[in-house]
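In: my questions concern the predicted model and sequence given below.
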Amino acid sequence: MYKTFMTLSAAALLLTACGSNDTDIRNTESTEENQQQSGQTADVQEDSQGNNQPKEEIQRPSEESVNQEKWSSLPEYAAIIQQIGGKDYQFKTVTDNEGERVLFIEQDGKERYKSIYVKKTKRLKIIQLDREGQIFNEVLQ
């Protein structure tokens, strides 16, 4: 009798605890949706020609130009571009810690090169992934 009572009590407690969590999640989701909707309507601004556009489009530079500035500020950027050419590449950071920076360089959505820059020794290695293998391994000045 005692075991049955304890089992039923534990089951009831478990079911009530699980059931109340769903309500909290639904309330949180609806609150987030309301905030997003109100934020979208408030972010409209007139430009110089009288057209209504979201503030984000007017004030922010394009993501591509921001990324270009970000990558071109790296010490190894000039050497990478010199070795692989000035084609339309996209850089993707794999690792960037105090010891080294590893980048994948993509073209047309496919990873073409991998660069490894050792910060302490300023050594740059560039590896062509689909053909020649390592194409550059020098200390940068």
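Out: Received the coordinates, thanks.
In: separation between the residue nearest to Gln90 when sequence neighbours are not counted and Lys120?
Out: Nearest-residue entry for Gln90: Glu106, 4.6 Å, with adjacent residues in sequence omitted and distances by Cβ to Cβ, 6 or more residues apart in numbering. (Glycine included, C-beta is placed from N, CA and C.) Using Cβ to Cβ, to the nearest Å, we find Glu106 at a distance of 27 Å from Lys120.
In: okay, these two: which has more neighbours?
Out: With neighbours defined as other Cβ atoms under 10 Å, Glu106 and Lys120 compare such that Glu106 has more, 15 against 8.
In: ok, back up a step: give me the beta-bridge partners of the residue nearest to Gln90?
Out: Gln90, Glu111 (DSSP bridges).
In: surely it touches Lys87?
Out: No - at 11.1 Å, Glu106 does not count as touching Lys87 under the criterion of Cβ atoms under 8 Å.
In: can you map out the strands along the protein?
Out: 44-46, 52-54, 90-96, 100-107, 110-118, 123-128, 133-139 (DSSP state E).
In: what's the fifth one packed up against?
Out: This means strand 110-118. helix 77-84, strand 100-107, strand 123-128 (3 or more Cβ pairs under 8 Å, 6 or more residues apart in numbering; DSSP states H and E).
In: of all the ones you listed, which one comes closest to Leu15?
Out: With distances scored as Cβ to Cβ, the stretch of the helices and strands packed on strand 110-118 nearest to Leu15 is strand 100-107 (48.9 Å).
In: measure Ala79 to Leu140 for me?
Out: In terms of Cβ to Cβ, Ala79 sits 6 Å off from Leu140.
In: now the phi/psi pair for Ser73, please.
Out: phi -80, psi -10 (degrees, to the nearest 10).
In: just to revisit the earlier point, where do the contact lists of Ala79 and Leu140 overlap?
Out: Shared contacts of Ala79 and Leu140 (Cβ atoms under 8 Å, 6 or more residues apart in numbering): Leu124.
In: list the contacts for the residue nearest to Val118 when sequence neighbours are not counted?
Out: Closest residue to Val118 apart from its sequence neighbours, by Cβ to Cβ, 6+ apart: Glu100 at 5.0 Å. Glu100 makes contact with 116-119, according to Cβ under 8 Å, 6+ apart.
In: nothing else from me, thank you.
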